[in-house]
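Novice: have a look at this fold, sequence not included:
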């Protein structure tokens, strides 16, 4: 009897422990379930927040059209408009000879605009680049480039309604490709009566004939440090041109009449040693620089 009583008490103790363990396991399970639900809720809230943020910043509308042109070419146009009012237009024209012209235009809500047009041949080699910029006030600047070799281009034509013109060291496409501007072609900005100042970038080595001739309101010109050749009649007839700065001494050729007709009171400043300035002064005089123009070393 006593043995049976002892055995029964042991069974009750084990049962109580099992019950406690199950209770603890249930509590732990409930806690894990609560934590998981809370984590899922937080993740869901974060996803919804990210989605809302992306929707606010992202594209509100996108429209793509395909047009068959009379010459047999095909133009695919995609227009994207975001919630801030900016419009991005990409136009790709595939010609029958295999050449392709891609134009990328970004129009801001304030009316300003930037456009880049790239033409490639049937082998995908870039041949020409055209850029256009329009300020919010409607002042435009259009530039045409021809690719010469590799990643180098010649500035062929520039039409600007701005008073200040800066020719940069390079031009970039919408795809991020960069091309060094190494040459300004002849007649590039001829007879532009809006320009008041021009600054030529550091990669330009050649300034073509008559490139800035007949710019009646041009008063200041800065020649880039790597320019080695200035063509004939480059600044011919720029009667208000009164300050010219050479930022380098690599110049070896100045064409006849390059500075004919500039202001008789003009000052030419040259950055270099006495010996280098003397050499360039000789080139200027041989090109027909008016005797009244002063030359200074800086």
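Specialist: Ah, there it is. Just so you know, these numbers come straight off a predicted model, no measurement behind them. Residues are numbered from 1 along each chain as shown.
Novice: from residue 259, how far out is residue 297?
Specialist: Between residue 297 and residue 259 the distance, using Cβ to Cβ, to the nearest Å, works out to 18 Å. (C-beta placed from N, C-alpha, C; glycine too.)
Novice: those two: who's more crowded?
Specialist: Using other Cβ atoms under 10 Å as the criterion, residue 297 and residue 259 rank with residue 259 on top: 24 against 14.
Novice: just the element for the more buried one, please.
Specialist: Assigned by DSSP states H and E, residue 259 belongs to no helix or strand.
Novice: and if you look at residue 284?
Specialist: Counting by DSSP H and E, residue 284 is part of helix 274-286.
Novice: so for that helix, mean pLDDT?
Specialist: For helix 274-286, the mean per-residue pLDDT is 97.
Novice: pull the residues that contact that helix.
Specialist: Here helix 274-286 makes contact (Cβ atoms under 8 Å, 6 or more residues apart in numbering) with 246, 249, 251, 252, 253, 254, 259, 268, 270, 272, 295, 297.
Novice: buried residues in whatever helix or strand residue 104 lives in?
Specialist: Using DSSP H and E, residue 104 sits in strand 100-107. Neighbour counts using 16 or more other Cβ atoms under 10 Å place 100, 101, 102, 103, 104, 105, 107 of strand 100-107 among the buried residues.
Novice: quick check: bridge partners of the third one?
Specialist: It refers to residue 102. With DSSP bridges as the criterion, residue 102 is bridged to residue 92, residue 118.
Novice: make residue 1 into 499 and carry on from there
Specialist: Fine by me, first position is 499 from now on; the one you just mentioned is residue 600.
Novice: so what's the nearest residue to residue 581 once chain neighbours are set aside scoring on pLDDT?
Specialist: Among residues not flanking residue 581 along the chain, residue 558 sits closest, at 4.9 Å (Cβ to Cβ, 6 or more residues apart in numbering). You'll see residue 558 listed with a pLDDT of 75.
Novice: residue 558 contacts residue 583, correct?
Specialist: No: shown here, residue 558 and residue 583 do not form a contact pair, counting by Cβ atoms under 8 Å, at 9.2 Å.
Novice: related to what we said a few turns ago, which helix or strand lies directly C-terminal to the helix holding residue 782?
Specialist: According to DSSP H and E, the helix or strand after helix 772-784 is strand 792-795.
Novice: so which residue is smack in the middle of the protein?
Specialist: Residue closest to the average C-alpha location in the chain (Cα atoms, centre = their mean): residue 670, at 4.9 Å.
Novice: and that residue, what are its bridge partners?
Specialist: With DSSP bridges as the rule, residue 670 is bridged to residue 676.
Novice: I figured it was touching residue 676, is that so?
Specialist: Yes: Residue 670 sits in contact with residue 676 when judged by Cβ under 8 Å, with a separation of 4.9 Å.
Novice: parallel or antiparallel, list what pairs with the helix or strand hosting the residue nearest to residue 581.
Specialist: Assigned by DSSP H and E, residue 558 belongs to strand 557-566. According to DSSP bridges, strand 557-566 forms sheet pairs with strand 572-580 (antiparallel).
Novice: what lies in contact with the partner strand?
Specialist: Residues from elsewhere that reach strand 572-580, judged by Cβ under 8 Å, 6+ apart: 555-567, 585-592.
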